[in-house]
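Student: Could you work out the structure for the sequence below:
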Amino acid sequence: MRAAPMAAICAAVAAKMRNEDDDDALPRAIEALAQSSSKKRERDEQVAVIVDAQPKRVMLNGIGKAKTRAELEYQLAVLEIKYEHDRFRIGAKGRLERLTGGQWKGICHHSKTGICHPCDMENKYLAGEPIIIETPMPNADIDYLQEHFRHRKFRISLVTGRVMMLMGKKWVVVCGHGRRPELCRPCDGRALCIEHDAQGCVQCHPELTCECGRVRRNCPKHGRKGICHVTRKRKAECVHCKGCRVCPRCTKRLIKRDGTCYRCHDNFIPTPHHCSREACRFIDQLEKYQGIKYQHNHFDPQSNSWISEEYQLKDWPTKRVDGYNKDGNIIVEYLGGDVHGHPARWEFDHDRIDRNGNSMQSNYFDTSVKMSKLKGLGYRVLYVWSADVNVNTGVSHLPGFYREFTEHLEWE
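Tutor: Below is the predicted model:
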């Protein structure tokens, strides 16, 4: 409504500057602008009356349906009665908020600030998505688990006869869903709260929090005694507390060998850029397995130095390969899990990033494109993932010791 009268005013001013005869153009344009402004005000007042006449609806965080103001106030009263140790309010955006760590954060009607499993199930139901109801599987079958969780390691306990899964450096008993039974609602779920379906819920168990408002086990003042109050690290690893496990030379890293960290050690040999000791160990073992030699960055343990260099392709000048055999026109690539995007790392989290801030899923597709280009140039491309190789010895776990690229990257 404003654009046309304003354009007329500009045109009238331009005509006046050119000394044209139409003297009434500017007053007519100003009058048209005033009429359009009054019409806009009348329209805005009518819209405001219509909005005020309708019941105000607000979105509740974590739920896919709208709530009226009365319903929101009712849920606020329920939260204040159920969780008397917390403070709640209705925020400016029309949603429930809880005071957490000195900040007001949006919550769902279960008083959760993050992902809430009950609300997630309700959102899927409202959106018409299929909801999978898991059946109890307390006694796991190792063949079933190995088929559905191929990137994990399982074994059968010789003491209890139950299936165990490797989590970090520990073997723990799991159910048929690949979870610990106490953390699986269909099988046991005794460690999960009923309201939020979460472990160690401080909402349902206020005794888990200390006077500082933190989780008691993570509080350096009221929780663990061996935690520094300043850095919130273990005192043995804290520089200010002069911990016994801190390197005395750099005071930044922990002791690895001979009373120093690995970088401050007298025999430390830095790894050059675009070099990998794990790739060097694997290619050395591959040379023994095939009986041929590859040009690669090689670390000589006798002289404690790096000798030789990676091969730079002539038909792709900006590309360096980990290993190259001229006689067989063979290229060897050692693919790290994060840098090259091993699918097991981002299979259940497509937004996961590596240490450089790049998407692991994008790294996988970029690596696949590069391998296809190498194959198109006429090279025979051999590769392994870092998960297929023992990082200490360089010996591959694969039946054929390596993989050969044909059309796409294999990882299972």
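
Student: Outline the domain layout of the chain.
Tutor: Annotated domains of the chain cover 3-53, 57-126, 142-207, 226-268, 277-404 [automatic domain parsing].

Student: Compare these and report which one is nearest to Glu134.
Tutor: Nearest to Glu134, of all the domains of the chain, is domain 142-207, at 4.5 Å by C-beta to C-beta. (C-beta placed from N, C-alpha, C; glycine too.)

Student: Give me the distance between the closest one and the centre of its chain.
Tutor: Relative to its chain's centre, domain 142-207 lies at 22 Å (C-alpha atoms, centre = their mean, to the nearest Å).

Student: do the same with stretch 313-330
Tutor: Chain-centre distance of stretch 313-330: 34 Å, with C-alpha atoms, centre = their mean.

Student: now the end-to-end length of it.
Tutor: Distance across stretch 313-330, first residue to last, is 12 Å (C-alpha to C-alpha, to the nearest Å).

Student: Check the domains of the chain for me: which has the lowest mean pLDDT.
Tutor: Among the domains of the chain, domain 3-53 carries the lowest mean pLDDT, a mean of 50.

Student: Spell out, range by range, the helices that occur in the protein.
Tutor: For the chain, applying DSSP state H gives helices covering 3-17, 25-53, 69-82, 117-126, 142-148, 277-290, 343-346, 360-376.

Student: in the stretch 151-300 of the chain, which spans are strands?
Tutor: 154-156, 163-167, 170-173, 298-300 (DSSP state E, counting those that start in this stretch).

Student: Is it possible to get TSV of these that adds distance to Arg263 and mean neighbour count?
Tutor: Formatted as TSV, those follow (distance: least, C-beta to C-beta, whole Å; neighbours: other C-beta atoms under 10 Å):
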stretch	distance to Arg263	mean neighbour count
strand 154-156	36	14
strand 163-167	30	17
strand 170-173	29	12
strand 298-300	16	16
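
Student: nearest to Ile283, of those?
Tutor: With C-beta to C-beta, the closest approach to Ile283 among those belongs to strand 298-300: 7.8 Å.

Student: now the spatially closest residue to Trp411 that is not a sequence neighbour: how far from Tyr383?
Tutor: Leaving aside its sequence neighbours, Trp411 sits nearest to Pro343 (C-beta to C-beta, 6 or more residues apart in numbering; 5.3 Å). For Pro343, the distance to Tyr383 equals 14 Å [C-beta to C-beta, to the nearest Å].

Student: Over to Tyr262?
Tutor: 29 Å.

Student: Of those two, which one has the most company?
Tutor: Each of Tyr262 and Tyr383 has its neighbours counted (other C-beta atoms under 10 Å); Tyr383 has more, 21 against 14.

Student: residues touching the more buried one, list them.
Tutor: Applying C-beta atoms under 8 Å, 6 or more residues apart in numbering to Tyr383 gives the contacts Val332, Glu333, Tyr334, Leu335, Met371, Tyr402, Arg403, Glu404, Phe405, Leu409.

Student: Find the residue closest to it in space, skipping its chain neighbours.
Tutor: Spatial nearest neighbour of Tyr383, chain neighbours left out: Glu333 (4.3 Å); criterion: C-beta to C-beta, 6+ apart.

Student: The one you found contacts Tyr379, correct?
Tutor: No: contact criterion C-beta atoms under 8 Å: Glu333 and Tyr379 do not qualify, at 10.4 Å.

Student: Give the burial count for the residue nearest to Tyr383, as a bare number.
Tutor: 21.

Student: same check, this time on Leu254
Tutor: Count around Leu254 with other C-beta under 10 Å applied: 12.

Student: The one 10 residues further on too?
Tutor: Here the number of neighbours of Cys264 (other C-beta under 10 Å) works out to 18.

Student: and the nearest residue to it once chain neighbours are set aside, what does it touch?
Tutor: Nearest non-adjacent residue to Cys264, counting by C-beta to C-beta, 6+ apart: Arg249, 4.2 Å away. Arg249 makes contacts with Thr260, Cys261, Cys264, as judged by C-beta under 8 Å, 6+ apart.

Student: Can you report how many residues lie near the first one?
Tutor: Translated: Thr260. 17.

Student: So what sits opposite Ile331 in the bridge?
Tutor: On the basis of DSSP bridges, Ile331 is bridged to Tyr324, Val381.

Student: just checking, it touches Gly378?
Tutor: No: contact between Ile331 and Gly378 fails when scored by C-beta under 8 Å: they sit 10.4 Å apart.

Student: okay, those two: which has more neighbours?
Tutor: Neighbours per residue, other C-beta under 10 Å: of Ile331 and Gly378, the larger number sits with Ile331, 24 against 8.

Student: Check the gap between that one and Asp322 for me.
Tutor: For Ile331, the distance to Asp322 - C-beta to C-beta - is 8 Å.

Student: Could you do His273 as well?
Tutor: From His273 to Asp322 the distance is 14 Å (C-beta to C-beta).

Student: And the two? Which one has more around it.
Tutor: Shown here are His273 and Asp322; by other C-beta under 10 Å, Asp322 has more neighbours (24 against 5).

Student: Quick one: the contacts of Arg249 as CSV, columns for distance to Lys235 too.
Tutor: Shown next, in CSV, are the contacts of Arg249 (distance: C-beta to C-beta, whole Å):
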residue, distance to Lys235
Thr260, 20
Cys261, 18
Cys264, 21
